[in-house]
Each structure stands twice: as C-alpha cells, then as structure tokens.
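Chemist: Kindly return the folded structure for what I paste below:
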Amino acid sequence: MMRNLLLITLLLPAATAVLAGLGRTKARCWALAGSLATLVCAIVLAARFPVGAEAFAKTQWPWFASMQGALDIQFCVALDGLSLWLFVLTALLLVVAVLISWDAIQDQQRLYYRLLLLLGTGMLGVFVARDIILFYLFFEFTLVPLFFLIGIWGSEQRRYAAIKFFLFTLAGSVLTLLGLIAIVFWDRSIAGGPITFSIAKLTADLQSHPIPLPVQIAIFLALFAGFAIKVPLFPLHTWLPLAHTEAPAAGSILLAGVLLKIGTYGFLRFSLPMLPAATAACMPWLLWLAVAGIIYGALVALAQSDMKRLIAYSSVSHMGFCMLGIFALNRVALQGGTLQMINHGLSTGGLFALVGMLYERYHTRQIADFGGIAREVPIIAFFMVFMTLASIGLPGLNGFAGEFLLLAGMFQRAWGPAAGEWVMHYRVISVLAVSGVVLGAWYMLLLLKRVFFGPLNEHKHAGPIPDMKFREIAALVPLCAVIVWIGVQPKFFLDRMAPAIDELTRSAMHEVDTAGARTNPLPAEEEKQASDQKSAEIARVP
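Modeler: Next comes the predicted model:
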C-alpha cells in the first residue's frame with residue numbers, strides 16, 4: 001500500500017502537468033489540486049513512517065540491463081530518515097509556490113504551471129531515488145524547468161541569470177557524475193559481479209572494503225564540485241543572488257526552500273557514508289569554507305538595498321550553518337545540520353513569498369522605497385516579523401532548535417578530548433559561527449525596521465494598498481504551524497532522523513584525518529547520550 005502511495009506521490013505533479021494544459025484559466029486550478037493531493041499523500045507517508053526504517057515504502061524493479069547481465073540498473077525509490085522531511089518540505093512548498101503565483105502570473109499560465117509541477121516531480125525524485133542513475137537523472141532534470149521559469153517569467157536580467165544558473169550547476173553536475181561512476185567501477189573491481197548502481201549496496205560494499213585514501217579524496221573532490229555549487233558553498237555561490245533576484249517569487253521559494261538542499265543532501269547520501277576517510281581528511285578545510293560563507297553572506301546581506309538580494313545572501317549564510325553541522329562529523333552537529341536544512345526551507349521560503357507579495361502591491365523591492373508600511377499592511381507585517389524571528393533563531397521557533405544543536409556539536413568538536421592538532425582552528429571556527437548568529441539578527445531586524453516601522457514613506461506610494469488575501473494567508477499559515485511545531489517539539493522530527501544519522505556517524509567518526517586526529521570526540525555510546533540530552537534540552541525550551 002505504502003509502496004504504491006510513494007510512487008503516486010512522486011508522479012502526481014507530473015501527471016497534473018498534463019491536465020494543466022487543458023485550458024488557460026484552468027491551469028492554476030489543476031496545479032493547486034495536484035499540489036494539494038501531493039502534499040496530502042506526503043503527509044500520509046510521514047505519518048506512517050516507522051521510526052528506524054531504512055527503506056520505507058520501497059518500490060524496485062529492473063530498469064535496464066546489458067544482454068550479458070553485467071549491468072544492473074534498477075528503478076528504486078524509498079524513504080528513510082534523511083529524505084523523509086525533505087520530501088514533505090518539497091510537497092508543502094510546492095503548494096505555497098502555486099498559491100503565491102495565482103495572480104502574479106498572467107502570461108503563458110499553462111506553460112508556467114506545467115513547468116512548476118514538473119519541477120516538483122524532479123525535486124521529489126531526488127530525495128527518494130535509491131539508484132545512482134535515477135538520482136542523477138532527477139538531479140539534472142530539476143535544472144530544466146527552473147531554467148525556463150527564471151528565463152521567461154523573471155525580471156530584467158532574467159536571461160543572463162538563467163544562463164549563469166544553468167552553466168554553473170551543469171558544470172558541477174558533470175564532475176559529480178564522473179565521481180559517481182568512479183565509485184561504481186571501483187566497487188565492481190573489489191566486489192565483482194554485475195556493475196551495480198544501487199546506493200544501498202554501494203554504501204555497504206565501500207564500508208566493508210574502503211577505497212584507498214588518495215583515490216577517495218579525488219572522488220570526493222569530484223562530488224564536491226557539483227554538491228558545493230548546488231548548496232552553494234562559499235566561494236561557489238556567485239550564481240545564487242542573481243538567480244534569486246531575477247526569478248519569479250515561486251522560483252525563489254523552491255530554489256531556496258528545496259533546490260539548495262539537494263547539495264547538502266548529496267553530501268549526506270554519498271560523501272559521508274561512501275567516502276568517510278576523505279570527508280574526515282577534508283573536514284577542517286570544509287569547516288573553514290562553511291564559516292567563511294556564514295560571515296561573508298551575513299556581511300554582504302547587511303549592505304544590500306534590494307530585499308530579495310538581502311534574503312538571497314542570507315541563504316548563503318544560513319546554508320553555511322547547515323554545512324558546518326554536517327562536516328563537524330559528530331552526532332549532535334549532524335542532527336542540527338540536517339534539521340536546519342528543513343528550518344531554512346520553511347523560514348526562507350516564507351520570506352521570499354512575503355517579498356513577492358510586497359512587490360505585487362508596491363512594484364518595487366528597494367528597501368529605501370518603503371517605510372512604516374505596517375500601518376497599511378498589518379497582516380503582512382505580522383507574518384514578516386514571524387518569519388524573521390524564525391530565521392534568526394528565536395527560542396520556541398524552529399531556527400533555534402537547529403542552530404543550538406549544530407553549534408553545540410561544533411563546540412563539542414572544538415573542546416572534545418580528541419580534537420587533535422586542529423583544535424585551535426575548531427575553536428576559532430566555533431566562535432566565528434556564533435558571531436554569524438548575531439549578524440543574522442542584525443540584518444534581518446534592520447530590514448524589518450526600515451521597511452515596516454518608522455514614519456510612513458507616503459511620497460513613494462500613494463493610495464490605499466490592499467493587505468493579504470485569504471489565499472495568501474492560506475499559503476503561509478501551514479509554514480508557520482510547522483515552524484512552531486519544530487520549535488516546541490523537535491524530538492518528533494529528530495527521532496525519525498536518528499537511525500540514519502547514527503549510520504552516518506558510525507561510518508565517518510572512526511576515521512583519522514590528515515593530521516592524525518580522530519574525528520570522534522566522544523566514544524560512540526557517550527556521543528549518543530550527549531546527543532539525546534541536547535535534544536531533550538531543546539524540547540523543554542518554551
């Protein structure tokens with residue numbers, strides 16, 4: 001039953017894309033119906049997901065194979081703790097994207113909603129694919145609909161932004177494909193038998209028969225090229241602000257909320273379990289890149305005059321936090337980094353939706369053109385304050401839970417008994433990461449003050465401005481509900497991630513980095529107890 005439901009959920013947006021072409025006025029109605037049905041199915045799957053499942057609702061059948069049986073490629077999809085909440089987040093933000101586009105898109109509606117729905121299937125497919133070829137097809141497929149969404153319905157520089165986005169991500173993806181193929185053929189050389197592309201089998205084989213460290217590092221760098229550009233990790237981020245600024249509101253919501261997470265998900269799915277020694281060896285340098293992105297993104301956000309560019313650079317900073325949690329390589333930080341991926345999708349998706357609403361009403365995104373508009377649009381102001389507080393990590397909202405865990409894990413890395421000769425680096429990185437939290441509060445609260453409070457800038461926008469419509473409220477209320485849910489009860493979400501996180505830590509934390517220091521600051525059992533204690537502390541925060 002669940003196997004069929006997962007397959008239906010995956011294909012629903014694509015099937016609805018066909019129906020969305022039946023008529024111009026019906027396109028958005030079909031898109032809304034299809035996205036709502038997808039969300040309902042995703043929620044049912046999440047509700048039935050058993051804690052500890054390694055491959056829930058797995059569907060598998062032979063896809064194609066060579067005549068001699070030497071090539072085995074399967075159509076295999078399933079959910080686990082790493083992909084479950086990203087899958088649900090994708091379905092939720094797809095509904096938000098459709099609702100936000102309702103009045104904003106008037107030209108070529110049928111094509112627009114078809115592309116939006118096809119993008120939805122591509123994003124869902126990335127998170128459920130359990131075969132490397134299937135993963136890569138979905139990974140690449142997401143580029144095409146978003147390229148056209150930016151290039152056709154974007155702002156003034158939309159074509160340049162679309163081409164830059166496509167070329168950056170495609171170039172990295174080609175190197176990633178070479179790395180994945182290298183993993184497959186190395187596995188064939190040690191295991192024999194058919195050439196398998198099964199992610200589960202490759203992971204098990206490479207953990208029992210590890211690739212030599214020099215080869216691991218070469219493959220890791222190839223994977224890094226595609227995944228780091230997708231995140232994007234500093235200094236490979238230059239395509240992102242322009243793509244966000246020029247994209248339509250729905251494109252920015254899905255780009256920030258889901259597509260950036262494909263990069264971090266790739267590191268979790270492939271780099272950590274399959275290349276643990278290379279990950280451990282590169283860990284100090286990756287942590288420095290992550291904290292550089294945190295500080296750089298925050299400082300550049302402070303200097304922005306365009307609201308959308310400000311939130312785009314804030315994404316660079318916040319994704320740096322996710323990378324910091326992932327590459328601290330301990331259980332607490334991994335939990336925080338993985339949870340923060342979901343948190344960033346919720347809060348930043350909501351912020352881009354609100355900026356789109358303001359642009360529809362005032363036809364500008366320049367911060368200087370606003371001032372005191374909370375008097376005119378109090379409901380928009382309320383939601384903007386709420387999403388801002390979630391983004392900066394107010395206790396009781398989702399951002400606090402993720403940031404607390406990943407920073408606690410980073411401090412555990414820096415002050416643990418086995419930090420090794422990199423100990424001073426880790427301690428400096430930990431302190432700088434905390435300063436990124438302060439900078440994040442600074443630029444977001446400053447944005448609120450300049451746009452919504454103070455004297456009303458009447459000479460810039462004369463006449464009455466309508467506040468939020470019911471449709472727009474309906475788009476944001478579910479995001480707010482999940483933000484509060486994660487903030488007050490993160491254990492519900494962490495419990496379903498825990499087995500997958502435990503597997504990642506087991507495969508990575510016993511490795512020795514290039515300096516000869518162990519990557520595990522605590523014995524495995526103490527590590528698990530410390531993580532559970534941190535999760536319990538988070539759950540008690542009012």
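Chemist: any low-confidence regions in the stretch 251-400 of the chain?
Modeler: Counting by pLDDT under 70, the stretch 251-400 of the chain shows no low-confidence range.
Chemist: can you give me the strands in it?
Modeler: Counting by DSSP state E, counting those that start in this stretch, the stretch 251-400 of the chain has no strands at all.
Chemist: Show the average pLDDT along stretch 49-68.
Modeler: Stretch 49-68 comes out with an average pLDDT of 76.
Chemist: What lies in contact with it?
Modeler: 2-7, 45, 48, 71-81, 84, 130-131, 133-134, 194, 200, 495-496, 498-500 (C-beta atoms under 8 Å, 6 or more residues apart in numbering). Every C-beta, even on glycine, is put in place using the N, C-alpha and C of the backbone.
Chemist: Mind giving me the ChimeraX command for buried ones among these?
Modeler: Only the buried members of the contacts of stretch 49-68 end up in this ChimeraX selection, burial being decided by 16 or more other C-beta atoms under 10 Å:
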select :2,5,6,45,72,73,74,75,76,77,78,79,80,81,84,130,131,133,134,200,496,498,499,500
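Chemist: from the contacts of stretch 49-68, which ones fall inside helices?
Modeler: 2-7, 45, 48, 84, 133-134, 200, 495-496, 498-500 (DSSP state H).
Chemist: Which neighbouring elements make contact with the helix or strand that contains L115?
Modeler: Taking DSSP states H and E as the definition, L115 sits inside helix 109-128. The helices and strands touching helix 109-128, judged by 3 or more C-beta pairs under 8 Å, 6 or more residues apart in numbering; DSSP states H and E, are helix 2-19, helix 24-48, strand 71-79, helix 84-100, helix 132-141, helix 143-153, helix 249-254, helix 260-266.
Chemist: and that helix with helix 132-141, angle?
Modeler: In terms of direction (axes from the mean of the first three to the mean of the last three C-alpha atoms, to 10 degrees), helix 109-128 departs from helix 132-141 by 150 degrees.
Chemist: the inter-axis angle of helix 109-128 versus helix 24-48?
Modeler: Between helix 109-128 and helix 24-48, the angle comes out at 20 degrees (the same axes, to 10 degrees).
Chemist: mind saving the C-alpha coords of helix 109-128 as CSV?
Modeler: Coordinates of each C-alpha in helix 109-128 appear next as CSV, following Å, rounded to 0.1, in the frame of the first residue of the first chain:
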residue,chain,number,x,y,z
GLN,A,109,-0.1,30.3,-17.5
ARG,A,110,-0.4,26.8,-18.9
LEU,A,111,3.4,26.6,-19.6
TYR,A,112,4.2,28.2,-16.3
TYR,A,113,2.2,25.8,-14.1
ARG,A,114,3.4,22.8,-16.2
LEU,A,115,7.0,23.7,-15.6
LEU,A,116,6.3,24.3,-11.9
LEU,A,117,4.7,20.9,-11.5
LEU,A,118,7.5,19.1,-13.5
LEU,A,119,10.0,20.8,-11.2
GLY,A,120,8.0,19.4,-8.3
THR,A,121,8.4,15.8,-9.5
GLY,A,122,12.1,16.3,-10.2
MET,A,123,12.7,17.6,-6.6
LEU,A,124,10.7,14.8,-5.1
GLY,A,125,12.5,12.2,-7.2
VAL,A,126,16.0,13.4,-6.0
PHE,A,127,15.1,12.6,-2.4
VAL,A,128,13.6,9.2,-3.0
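Chemist: what is the mean pLDDT for that helix?
Modeler: 92.
Chemist: can you redo the helices and strands packed on helix 109-128 as JSON lines with distance to Y313?
Modeler: Output for the helices and strands packed on helix 109-128, formatted as JSON lines (distance: least, C-beta to C-beta, whole Å):
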{"stretch": "helix 2-19", "distance to Y313": "30"}
{"stretch": "helix 24-48", "distance to Y313": "29"}
{"stretch": "strand 71-79", "distance to Y313": "33"}
{"stretch": "helix 84-100", "distance to Y313": "20"}
{"stretch": "helix 132-141", "distance to Y313": "25"}
{"stretch": "helix 143-153", "distance to Y313": "18"}
{"stretch": "helix 249-254", "distance to Y313": "13"}
{"stretch": "helix 260-266", "distance to Y313": "13"}
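Chemist: what's the spacing between the nearest residue to T16 once chain neighbours are set aside and Y112?
Modeler: Nearest residue to T16 in three dimensions, chain neighbours excluded: G34, at 2.7 Å (C-beta to C-beta, 6 or more residues apart in numbering). Separation of G34 from Y112 (C-beta to C-beta, to the nearest Å): 14 Å.
Chemist: A433 now?
Modeler: Distance, A433 to Y112, using C-beta to C-beta: 40 Å.
Chemist: M444 now?
Modeler: Distance from M444 to Y112, by C-beta to C-beta: 30 Å.
Chemist: need the helices for the stretch 151-300 of the chain, in chain order.
Modeler: For the stretch 151-300 of the chain, the helices defined by DSSP state H, counting those that start in this stretch cover 158-191, 199-208, 213-230, 239-246, 249-254, 260-266, 272-274, 276-302.
Chemist: and what of the stretch 351-500 of the chain?
Modeler: Going by DSSP H, counting those that start in this stretch, the stretch 351-500 of the chain shows helices at 378-391, 398-415, 423-452, 470-488, 490-508.
Chemist: what angle separates the first one from helix 423-452?
Modeler: Comparing the axes of helix 378-391 and helix 423-452 via the same axes, to 10 degrees yields an angle of 180 degrees.
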